[in-house]
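Undergrad: fold the following for me, if possible:
(one chain, ligands or ions: 1)
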Amino acid sequence: TGANRGLGPETCRQLAERGYAVILTSRDEADGRAAAGKLGDAVEARRLDVTNGENIAALAAGLGAEGRTIDVLVNNAAVSLDGFNVEVARWTLAVNFLGAMNLTDGLIDRIPDGGTIVFVSSGMGELSAYSPSIRARFADADLTRDKLVALANEFVADVDAGRHSQNGWPSSAYRVSKAAVNGLTRILARELKPRGIRVNSVCPGWVRTRMGGSSASRSVETGAASIVWAATLDDATTGGFYRDGRAIGW
Ligand code: NDP
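TA: Modelled structure (predicted):
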C-alpha cells in the first residue's frame with residue numbers, strides 16, 4: 001500500500017526480484033501506474049486509498065472474482081503531517097492505524113493459511129514516550145481491537161480537549177499511530193496463529209524519502225530490505241517488531 005513513492009515502490013521491486021507477482025497500490029491511479037510501469041511485468045497497479053472503505057471492498061471483490069490470493073500483505077501507506085492539533089491526530093490515526101487495520105480485515109479472506117502480513121511501523125512508536133499507565137494499556141497482553149480503537153479515540157479526544165500531555169500522551173499523532181499499529185500486530189498475530197499466518201511489525205530505519213527527508217541516514221534500498229526480510233520469512237516468526245531482521249523493543 002502507498003507504493004507509488006518512497007519505500008513502497010522499492011519494496012515492490014525487491015519482492016518482484018524474488019519472484020513474487022506484486023500488486024502495487026496507490027491512492028492516485030496515475031501515480032500508481034507510473035510507478036508500476038518502471039518495475040516490469042511482475043508488478044501491476046491498483047487503486048487504493050486505505051481510508052476509503054469502498055476502495056478496500058472493491059479491491060477485495062476484484063481479487064476474489066479473479067481467484068487471486070495474497071501470500072504477503074505489506075501495510076506501508078502512512079502520513080506524517082506537519083503541526084499538531086485534533087485534525088492532524090484524527091487524520092494520522094485514520095491513515096496509519098485504522099486504514100491498515102481496515103485493509104487487513106478487508107483482505108483477510110484472500111490471505112491463505114501460512115501467509116504473511118507486515119506492518120511498516122517505526123521506532124517512533126516505542127512505548128517509552130508514554131506515561132506508565134498508557135504504556136501499560138498498550139502493552140497489555142489481553143489487548144483487544146476494541147480496547148485499542150478506544151485508546152486511539154481517547155488520544156484524539158484528549159488532544160481535542162487540550163489535555164493529552166496531562167493524560168500522559170506524547171505530542172505526536174505519528175508516534176501514537178505507530179504504537180497502535182504495533183498493538184494491532186500483537187493482536188492479529190495471536191488471532192491468526194491457528195491459521196499459520198505470520199504478522200510482524202517492521203521499522204525501516206530513517207530513510208531518505210519525502211517523509212524521512214534528504215538528511216536521513218538510509219537509502220530506500222536498505223529501508224525496503226528491512227521490510228522485505230519480514231515479508232519473505234520462511235519460518236514461524238510472528239508477533240514481533242524488527243529492524244534489519246533483528247528484534248527491537250515495543
Ligand atoms: P512517503 O511519504 O515517501 O510515502 C508515503 C506513501 O503513503 C505515499 O505513496 C502516499 O501516497 C501513501 N499514502 C498516504 N496516505 C495514503 C492513503 N490514505 N491511502 C493510500 N496511500 C496513502 O513515506 P515513506 O515511503 O518514507 O514511508 C513508508 C512507510 O515507512 C510508512 O509507513 C512510514 O511511516 C514508515 N517509516 C518511514 C521512515 C522514514 O524515515 N522514511 C521511518 C520509519 C517508518 P501519495 O503519494 O498519494 O501521498
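
Undergrad: in contact with the closest residue to residue 212 other than its chain neighbours, which residues?
TA: Leaving aside its sequence neighbours, residue 212 sits nearest to residue 206 (C-beta to C-beta, 6 or more residues apart in numbering; 5.6 Å). To be clear about C-beta, it is placed using only N, CA and C from the backbone, and glycine gets the same treatment. Residue 206 sits next to 212, 216-218 when contact means C-beta atoms under 8 Å, 6 or more residues apart in numbering.

Undergrad: nearest residue to the residue of the chain found nearest the ligand in space, please, no chain neighbours.
TA: With C-beta to the nearest ligand atom, the shortest gap between the chain and the ligand falls at residue 6, namely 2.2 Å. Among residues not flanking residue 6 along the chain, residue 209 sits closest, at 3.6 Å (C-beta to C-beta, 6+ apart).

Undergrad: do the same with residue 178
TA: Nearest residue to residue 178 in three dimensions, chain neighbours excluded: residue 125, at 2.8 Å (C-beta to C-beta, 6+ apart).

Undergrad: if I look at that neighbour, how far off is residue 91?
TA: From residue 125 across to residue 91, the span is 17 Å (C-beta to C-beta, to the nearest Å).

Undergrad: out of those two, which sits in the more crowded spot?
TA: Between residue 125 and residue 91, residue 125 has the larger neighbour count (other C-beta atoms under 10 Å), namely 26 against 16.

Undergrad: residues contacting the more buried one?
TA: 175, 177-182, 201, 250.

Undergrad: next: residue 23.
TA: 43-46, 70.

Undergrad: show me where the protein has strands.
TA: 22-26, 43-47, 72-75, 116-120, 198-202, 241-243, 246-247 (DSSP state E).

Undergrad: the last one pairs with which strands?
TA: Taking DSSP bridges as the criterion, strand 246-247 pairs within the sheet with strand 241-243 (antiparallel).

Undergrad: and the ligand, which of the contacts of residue 125 contact it?
TA: Near the ligand, taking C-beta under 6 Å from any ligand atom as the test, no member of the contacts of residue 125 is found.

Undergrad: let's see which of these end up in helices.
TA: 175, 177-182 (DSSP state H).

Undergrad: from the centre of the chain, point out the most distant residue.
TA: In the chain, residue 166 marks the outermost C-alpha relative to the chain mean, sitting 28.5 Å out by C-alpha atoms, centre = their mean.

Undergrad: which pLDDT value belongs to it?
TA: Confidence at residue 166, expressed as pLDDT, is 96.

Undergrad: from the rest of the structure, what touches stretch 182-193?
TA: Applying C-beta under 8 Å, 6+ apart, the external contacts of stretch 182-193 come out as 97, 100-101, 104, 117, 119, 121, 125, 138, 143-145, 148, 151, 198-201, 238-239, 241, 250.

Undergrad: those, buried ones only, as a PyMOL selection?
TA: Per 16 or more other C-beta atoms under 10 Å, the buried members of these correspond to this PyMOL selection:
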select buried, resi 97+100+101+104+117+119+121+125+138+143+148+151+198+199+200+201+238+239+241+250
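
Undergrad: can you dump the C-alpha coordinates of the helix or strand bottoming out on mean pLDDT in the chain into CSV?
TA: When the helices and strands of the chain are scored by mean pLDDT, DSSP states H and E, helix 132-139 comes last with a mean of 94. What follows is helix 132-139, C-alpha atoms only, in CSV (Å, rounded to 0.1, in the frame of the first residue of the first chain):
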residue,chain,number,x,y,z
PRO,A,132,3.3,4.3,32.7
SER,A,133,-0.5,4.0,32.7
ILE,A,134,-0.9,4.4,29.0
ARG,A,135,2.1,2.3,28.3
ALA,A,136,0.6,-0.5,30.4
ARG,A,137,-2.7,-0.3,28.4
PHE,A,138,-0.9,-0.6,25.0
ALA,A,139,1.4,-3.4,26.3
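
Undergrad: got the residues of this structure near the ligand?
TA: So the chain meets the ligand at 1-2, 4-8, 26-28, 31, 48-51, 76-79, 95, 99, 120, 122, 203-204, 206-207, 209-212, 216 (C-beta under 6 Å from any ligand atom).
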